[in-house]
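> Sequence isn't available, so here's the structure alone:
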RNA sequence: GGAGGAGUACCCAAGUGGCUUAAGGGACUCGCCUCGAAAGCGAGCAGGCCGGAAACGGUGCAGGGGUUCGAAUCCCCUCUCCUCCGCCA
């Protein structure tokens, strides 16, 4: 959510910057008009209420003294309907403002590259060596079928398409990666490990920005309380501190969470139908940070390095791209993607996304901090980043480390976790 | 799933329609005392949110509705926590 004061004072600049996302946000002018009316109403209502409070107080006093209060009752009656009418109008206008505000995306950071879509994202660096195969490399689903470690048919039988069963060393590989990533971030990078609920409510989805705009992407439970399957650990993670005032001394707060994420993938019906690149259910290790405004971009860089470290340790080739204005996520001011090299794709595929939401989610979720005991609360900055998507890491290992005989070499850093140096 | 109980500020807690501008205590902050500290004594402590340049006003007793000139207090709905029973990994 944007700051209404900032919107009032700096409307043209904000509209211009929002427009870099590719849609016109000129309708924000209406909101500012509505907000002016809102403040008018509020002031009138408040002065009438102040008057009413005064009279009511006198009624109490006179009654105690046994005096007649009929005249005062009559006087207070005059404004009763007026207050009620204005309060109705105020309520309506506040609802309209809120509805619109919840649909406005975050203002992109000024320095991010201008572009219309993902083709204009900017590559920052390439790291690692792309494998040079002396044979024709297979896509991961063929590698997996030969090793009997992934089973799509039986998964569809018990669930639906876009679900998968990991078997044998496949299941072991996934579990080893989760443990490896969790240990790396918790022990070496200093994040506090948390295990979060996989079912979240509407308020949580709204605070992080999934709702109201992207309601169709979520798996809704039929439970009448309005609950949804976790789409990413960002939702339960950031919402841990919803409606809280944190102490500045505790910042930055760093969490690392393993979660299973659930996505409808409605808009991607025909894409990546083979293999495990795009599933309805997948595992992810996620990094979460709460920071002060002045440190959030430093923390973003740190988080990016922590995510990259996973691929460096696993010896997988990747690149880092900076997301351009037209491809930027709804809640984010700035995002880096980490893309891992996938031979069957002939290029790099997203395996992680590291973002700074600045105070956008903090405003929606009431996440604040106080610099010292008597200071006014300020909105915190929230960040989240993959550390990394586990299923896509499996893809990268199976494809990049495959051998001519169909076996797969296990990255050295993973061997203590999986208990073997080769999957065959 | 059944039966009860509770939710007041950082914590504990009083408050059954107007003298509450939410008592009192603890914690906390400052001061006195002290070589220094503890104890004791004194003072401050509705903080948050909204409007306002400010003065100030409004709001606020888990959340939301309602009754009333006036609600922490009365009515309705919801949420959360606790206890017991049942079921259960």
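All right, it came through fine. The model shown is predicted, which means the values in this text are computed figures rather than measured ones.
> and chain A, which residues reach RNA strand B?
A:4-5, A:39, A:42-43, A:45-47, A:49-50, A:52-53, A:55-57, A:59-60, A:63-64, A:73, A:76-77, A:80, A:225, A:368, A:373, A:376-377 (C-beta under 7 Å from any atom of the strand). Backbone N, C-alpha and C define where each C-beta goes, glycine included.
> what do you get if the cut-off is 6 Å, keeping everything else the same?
Residues of chain A lying near RNA strand B by C-beta under 6 Å from any atom of the strand: A:39, A:42-43, A:46-47, A:49-50, A:52-53, A:56, A:59-60, A:63, A:73, A:76, A:376-377.
> Pull the contacting residues for residue A:287.
Taking C-beta atoms under 8 Å, 6 or more residues apart in numbering, we find residue A:287 in contact with A:185, A:191, A:254-256, A:303, A:306-307, A:354, A:383-387.
> Name the helix or strand for it, please.
Using DSSP states H and E, residue A:287 sits in strand A:281-291.
> Name the nearest residue to whatever residue of the stretch 151-300 of chain A ends up closest to RNA strand B, sequence neighbours excluded.
Taking C-beta to the nearest atom of the strand, RNA strand B has its nearest neighbour within the stretch 151-300 of chain A at residue A:225, 6.2 Å off. Leaving aside its chain neighbours, residue A:225 sits nearest to residue A:201 (7.0 Å; criterion: C-beta to C-beta, 6 or more residues apart in numbering).
> Quick check: bridge partners of the one you found?
residue A:227 (DSSP bridges).
> three-state assignment of residue A:34?
With DSSP: H, G, I helix; E, B strand; the rest coil as the basis, residue A:34 sits in helix.
> okay, now it: neighbour count?
Residues contacting residue A:34 under the criterion other C-beta atoms under 10 Å number 16.
> Show the contacting residues for it.
Counting by C-beta under 8 Å, 6+ apart, residue A:34 makes contact with A:93, A:96-97.
> Can you flag which of the contacts of residue A:287 belong to strands?
Among the contacts of residue A:287, the members falling in strands (DSSP state E) are A:254-256, A:354, A:383-387.
> Most neighbours of all those, which one?
Using other C-beta under 10 Å as the neighbour test, the ones in strands among the contacts of residue A:287 are led by residue A:387, with 30 neighbours.
> Quick check: it touching residue A:352?
Yes: between residue A:387 and residue A:352 there is a contact at 6.9 Å, judged by C-beta atoms under 8 Å.
> what touches both of the two?
A:307, A:310.
> all helices for chain A, in order.
Ranges of helices within chain A are A:4-9, A:11-19, A:28-64, A:70-102, A:140-147, A:152-158, A:169-183, A:202-208, A:234-239, A:296-314, A:360-365, A:390-400, A:415-418, based on DSSP state H.
> Reformat those as a markdown table; add mean pLDDT.
Converted to a markdown table, these look like this (pLDDT from 0 to 100):
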| stretch | mean pLDDT |
| --- | --- |
| helix A:4-9 | 90 |
| helix A:11-19 | 93 |
| helix A:28-64 | 88 |
| helix A:70-102 | 86 |
| helix A:140-147 | 97 |
| helix A:152-158 | 95 |
| helix A:169-183 | 97 |
| helix A:202-208 | 93 |
| helix A:234-239 | 95 |
| helix A:296-314 | 98 |
| helix A:360-365 | 93 |
| helix A:390-400 | 98 |
| helix A:415-418 | 97 |
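> Of all those, which one is nearest residue A:289?
helix A:296-314 (5.3 Å; C-beta to C-beta).
> Now render the helices of chain A as JSON lines, adding distance to residue A:131.
Below are those laid out as JSON lines (distance: least, C-beta to C-beta, whole Å):
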{"stretch": "helix A:4-9", "distance to residue A:131": "49"}
{"stretch": "helix A:11-19", "distance to residue A:131": "42"}
{"stretch": "helix A:28-64", "distance to residue A:131": "49"}
{"stretch": "helix A:70-102", "distance to residue A:131": "46"}
{"stretch": "helix A:140-147", "distance to residue A:131": "13"}
{"stretch": "helix A:152-158", "distance to residue A:131": "25"}
{"stretch": "helix A:169-183", "distance to residue A:131": "18"}
{"stretch": "helix A:202-208", "distance to residue A:131": "37"}
{"stretch": "helix A:234-239", "distance to residue A:131": "32"}
{"stretch": "helix A:296-314", "distance to residue A:131": "13"}
{"stretch": "helix A:360-365", "distance to residue A:131": "39"}
{"stretch": "helix A:390-400", "distance to residue A:131": "5"}
{"stretch": "helix A:415-418", "distance to residue A:131": "19"}
